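Q: What follows is a predicted structure for the sequence shown.
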Amino acid sequence: MIAFNRLGITLAGLIWLAFAATASAETASDATLKLGKAQFNENCAACHQEDAIGKPGIAPSLTNPELLSISSDSFLMSTIRDGRVDTSMMPFAPLGRKNVRAIVGYLRSHAKGPNIAKETDAQPDAHGDPRLGKLWYDNICSTCHGLNGDGYEAGGTGTAIGLPGFLNKVSDGFIRETIKKGRSNTRMLAFQGPVGLANLSDQEVDDIIVYLRSLPKN
């Protein structure tokens, strides 16, 4: 029998993630960065572009400083390994741990600030009203991410944030920080503060997160 935890990750997947967490403590060597860049160019650049800045409607930026700051190596490695079901992001598990780890090291070399993934993932779970969250989502988020959070598949310029392939891998803190701060040099603008596209309150942000978590899991 294959054992799953509450996020649907197999025991083998947890072991794989444990390896990734250990690997993240090591500084990528020049050889690893060279390998990572080569593997990225061969397997990822067709969608994410050679400089990994992404292309709206095709694939997101992977070197965005806000993304890298809140993403753990485990998250990045498992995403590459598993892909995103029902999107164009296919699984790359056949590359093996060494190559996937090297790709993450290459992406991580573009970081411009400290990694706060641990603190981000330790944020409390969101609590709110999914009905209010749907109103905010429909009026603000659906333009890019699609009415059902299907992203590119629905013709949007934003990623599929309503599908299990994303929601099962990210913490509420990850989503919260993304909504609040946005991602510079992309179409994902900040939605909190005086420079935000909409100055959402903390509760309104959590309402959106609760709504996303309530979407069908198929």
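A: Nice, I can see it. Note that this is a predicted model, so its numbers are computed, not measured.

Q: Helix or strand with the lowest mean pLDDT in this protein?
A: Lowest by mean pLDDT, DSSP states H and E among the helices and strands of the chain is helix 11-24, with a mean of 49.

Q: Domain-wise, how is the protein divided?
A: 11-119, 123-214 (automatic domain parsing).

Q: What's the mean pLDDT across the shortest one?
A: Domain 123-214 shows a mean pLDDT of 94 in the predicted model.

Q: where exactly do the helices run in the chain?
A: 11-24, 30-43, 45-48, 65-70, 73-82, 96-108, 117-121, 130-136, 142-145, 164-167, 172-181, 202-214 (DSSP state H).

Q: Just put the ones you listed in TSV and tack on mean neighbour count and distance to residue 58.
A: Heads up, the C-betas are built off the backbone N, CA and C, glycines and all. Supplementary listing: the helices of the chain in TSV, determined by neighbours: other C-beta atoms under 10 Å; distance: least, C-beta to C-beta, whole Å:
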stretch	mean neighbour count	distance to residue 58
helix 11-24	15	26
helix 30-43	16	15
helix 45-48	16	6
helix 65-70	20	16
helix 73-82	21	16
helix 96-108	21	17
helix 117-121	16	25
helix 130-136	17	26
helix 142-145	18	13
helix 164-167	18	16
helix 172-181	21	19
helix 202-214	21	22
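
Q: Ok, which of these comes nearest residue 156?
A: helix 142-145 (5.0 Å; C-beta to C-beta).
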